[in-house]
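S.K.: Okay, structure incoming, though there's no sequence with it:
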């Protein structure tokens, strides 16, 4: 089983920036994709950004041009750079990892515990 630990959340004023990190630990054969999701109070969890094994990225329309997803394979760590933040970005942000624990295994999914991002107006 892979464990994910997010960090980097906090309180920031509108227009500011934050960088979230997601560190993966445990054993696995390979990674299929990594993603960031968020959930605001009273709302469903929504996909923010994903990055695949070949570094193909995908972003929600609401964050395109403001957020950048990346990863450092050597450190087994993913990042979400968030710029031009607005109060609407306030949510708990979760890291997601789809990975293969062994060669020829089915994919598994792990979630982090979440990190709070609060943007004040």
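M.R.: Received it, and whenever you're ready, just let me know what you need. Keep in mind it's a predicted model, so treat the numbers as computed, not measured.

S.K.: Look at residue 42 and say how many residues are nearby.
M.R.: Using other CB atoms under 10 Å, residue 42 is surrounded by 5 other residues. In short, each C-beta sits where N, CA and C put it, glycine included.

S.K.: With residue 30 instead?
M.R.: With other CB under 10 Å as criterion, residue 30 counts 12.

S.K.: residue contacts, the closest residue in space to it that isn't next to it in sequence?
M.R.: The shortest distance from residue 30 to any non-neighbouring residue, by CB to CB, 6 or more residues apart in numbering, is to residue 100 (5.1 Å). Going by CB atoms under 8 Å, 6 or more residues apart in numbering, residue 100 touches 28, 29, 30, 31, 32, 106, 107, 108.

S.K.: helix/strand/coil for the most centrally placed residue in the chain?
M.R.: The residue lying closest to the centre of the chain (CA atoms, centre = their mean) is residue 36, at 2.6 Å. Under the three-state scheme (DSSP: H, G, I helix; E, B strand; the rest coil), the conformation of residue 36 reads as strand.

S.K.: Okay, helices next: where are they in the protein?
M.R.: Taking DSSP state H as the test, none of the chain falls into helices.

S.K.: Need the outlier residue of it, farthest from its centre.
M.R.: residue 104 (25.9 Å).

S.K.: Quick check: that one vs residue 51, distance?
M.R.: Note on residue 104: its distance to residue 51, by CB to CB, to the nearest Å, is 24 Å.

S.K.: Can you tell me who the closest residue to residue 77 other than its chain neighbours pairs with across the strands?
M.R.: Of all residues beyond its chain neighbours, the one nearest residue 77 is residue 23 (4.9 Å), with distances taken as CB to CB, 6+ apart. Counting by DSSP bridges, residue 23 is bridged to residue 5, residue 77.

S.K.: what about residue 23, how many neighbours?
M.R.: 16.

S.K.: need the contact list for it.
M.R.: 4, 5, 7, 75, 76, 77.

S.K.: Kindly write the PyMOL command that selects the buried subset of the residues you listed.
M.R.: Entered in PyMOL, the line below selects the buried ones among the contacts of residue 23, by 16 or more other CB atoms under 10 Å:
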select buried, resi 4+76+77
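
S.K.: Good, we can wrap up now.
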